[in-house]
Each structure stands twice: as C-alpha cells, then as structure tokens.
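Trainee: dropping the sequence and predicted coords here.
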Amino acid sequence: MTADRPTPTVQLPGGAMPLLGLGTWQSEGTDAERAVIAALELGYTHVDTATGYGNEAEVGRALAAVGIDRDAVFVTTKLPPDHAGRERQTLMESLAHLGTDHLDLWLIHWPPHKQATPATWEQLIAARDEGLVRSIGVSNYSVAQIDELIAATGEAPAVNQIPWSPTDWDAALVAEHEARGVRIEGYSAFKRTDLDHPVLTEVAAAHDASTRQVVLAWHLAHEVVVIPKSTSRERIEHNLAALDLTLTADEVARIDGLGGA
C-alpha cells in the first residue's frame, strides 16, 4: 500500500529535506531508472545518488519520464573523494546527467585521502553561494573532521550521511552532531540490522508491520533521514508504507537499546 500521509521533513539551510528517500547504490542501468520512476509514482519526494554510483543519467531520465515538478523532488548526489581539485567540473557533469540546474544537496562522499580537506569544502560552499546547490554536506566524516571544516571556514555541513541502524544507535554521537547543527542521514539501515531480533519482531507484531518498516519508523522517530535502496517496486512501496507506522516512546527506547548489542 502507499503511505496515507506525506513524508515528514527536516529543515536544512537550503530548504526542507524529506526524512525518507530512495537510495540508489548498486542500482544500475534500466533497473535504476525503473526504480526511481516507481518511487516517484508511488509518492517518494527524495532520491539519493552519487557520481560514484554511475547512475546519475538514469536518475535524470527517470525524473524527466515522470514529468514531476523539479521543486517537488529532493535530489542528492555526491562528489567522489578522488575528484578533489575538480569539484566544479564534477558538479556540472552531475547537473547535466541529472537534467537539472541545481541540486538540493551535494555531499563530499568520503574524506579525500582520509582527510577533512577544507579546500574541497570551500568549493562546495562556493557552489552553494552561486545557487547551483541549495544545501551542502559530507558523508562518512568523523566529528573531528567536521570540526576541522568548521574551524577552517566557519560553516558546518548541513548533513553527514553515515552508516546508521538500531545497532549503531549512539546518543552521544547524535548529540555531537546536533550541537554543531549537522543532520544525520543514515544508510545501510537493513544491512546493519538483525531483522530477526526479538525486540524488532515483537514491535512489528504489535503494529502488524514488518521489521523493515519498524527500522524505518525508528529512524523517523529520531528525525534521522533514511534512504533504503531497492529496485523492486513492491519493496519500494512497502518501505514507503513505514510512514504510517508510529512507534511509542517505549518502543523507540527498546530499539535504542540494540545500540552496541
């Protein structure tokens, strides 16, 4: 079933970011295009890709095929770490592949050479100031690396996209990001979760839901952006239905307890 309510959002400097989106890692060729078309038709308003995924053109074709208003879809892509030094060229290529004149979010995919690399962050700030990107951020950065960017430029990333799941729950890490005004966006939510864990199966049974939907609802309860990936229309629709699942505070706390388990 399709979710009965709109996707909740969180506010970034450049606009609202839907808390649930479609991830496209390992989605290739026509499979990627069909997956994005299905997601948009079903009601998704957020699509995550990356230059390194090699599917920006397919995502762009899907956006064009559905004919949806560009401002109705939040589009993220990412700069590969080995493209440091040619940030603008990469951005213009991404925009061309995606068939748009701006991104909603542009991330540094990994710290270049495992370093924070403020020079690259300055190029993202410049692209944002030019209007090519609405919000900017990072992926797979440590808090110390984020602090290095802030110290060098006076500006914090809007987002840090990191591996996240109930097993990864870390209240201190969440607080560190919140203190800096950085929104956590999680990936690999299912891969990093024991979907057969008794806590998840019990909560799922109480709501007549799947444990996958429970994991997504847990992210939403914490206002952590989540981008489950799939090329199956049925699974994409199933994930979206998690919007209709509201966990109790006690259920959220029980799931938090899986952190470090």
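Mentor: Thanks, I have it.
Trainee: where in this structure is pLDDT low?
Mentor: 1-4, 260-261 (pLDDT under 70).
Trainee: at 80 instead, please
Mentor: Residue ranges of the chain with pLDDT under 80: 1-5, 27-29, 260-261.
Trainee: which stretches of it form strands?
Mentor: Applying DSSP state E to the chain gives strands spanning 9-12, 15-18, 22-23, 46-48, 74-79, 103-108, 133-139, 159-163, 183-187, 225-226.
Trainee: tell me how many other residues crowd G15.
Mentor: G15 has 13 neighbouring residues, counting by other CB atoms under 10 Å. All C-beta spots, glycine's among them, are computed from the backbone N, C-alpha and C.
Trainee: list the contacts for it?
Mentor: G15 sits next to F74, D104, R134, S135 when contact means CB atoms under 8 Å, 6 or more residues apart in numbering.
Trainee: likewise V214?
Mentor: Here V214 is in contact with L200, V203, A204, H207, A242, L245, L247, I255 (CB under 8 Å, 6+ apart).
Trainee: at 7 Å what do you get?
Mentor: V214 makes contact with L200, V203, A204 under the criterion CB atoms under 7 Å, 6 or more residues apart in numbering.
Trainee: need those residues in CSV (columns: distance to P13 and neighbour count).
Mentor: Output for the contacts of V214, formatted as CSV (distance: CB to CB, whole Å; neighbours: other CB atoms under 10 Å):
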residue, distance to P13, neighbour count
L200, 34, 23
V203, 34, 25
A204, 36, 19
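Trainee: so which of the residues you listed sit within helices?
Mentor: Judged by DSSP state H, those include L200, V203, A204 as members of helices.
Trainee: all the helices of the stretch 1-150 of the chain, in order from the start?
Mentor: Counting by DSSP state H, counting those that start in this stretch, the stretch 1-150 of the chain has helices at residues 29-42, 56-66, 87-98, 118-130, 143-153.
Trainee: of these, which is nearest S230?
Mentor: Distance to S230, taken as CB to CB, is lowest for helix 29-42 among these, at 6.7 Å.
Trainee: run through who's touching the closest one.
Mentor: 2, 22, 24, 27, 47, 55, 58-59, 61-62, 65-66, 68, 73, 230-231, 233, 236-237, 240.
Trainee: again, but for stretch 122-134
Mentor: Defining contact as CB under 7 Å, 6+ apart, one finds that stretch 122-134 is touched by 14-15, 87-88, 91, 102-104, 106, 108, 136, 153, 155.
Trainee: with stretch 71-87 instead?
Mentor: 17-18, 21, 40, 45-52, 56, 63, 90, 94, 98, 100, 103-112, 117, 120, 123-124, 139.
Trainee: ok, stretch 141-161 next?
Mentor: The contact list for stretch 141-161 (CB under 7 Å, 6+ apart) reads 12-13, 105, 107, 111, 116, 118, 121-122, 125, 135-139, 176-177, 180-185, 187.
Trainee: let's have the contacts of stretch 122-134 in TSV, adding distance to I146.
Mentor: Shown next, in TSV, are those (distance: CB to CB, whole Å):
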residue	distance to I146
G14	18
G15	21
E87	18
R88	23
L91	21
H102	24
L103	20
D104	20
W106	16
I108	11
I136	13
T153	11
E155	11
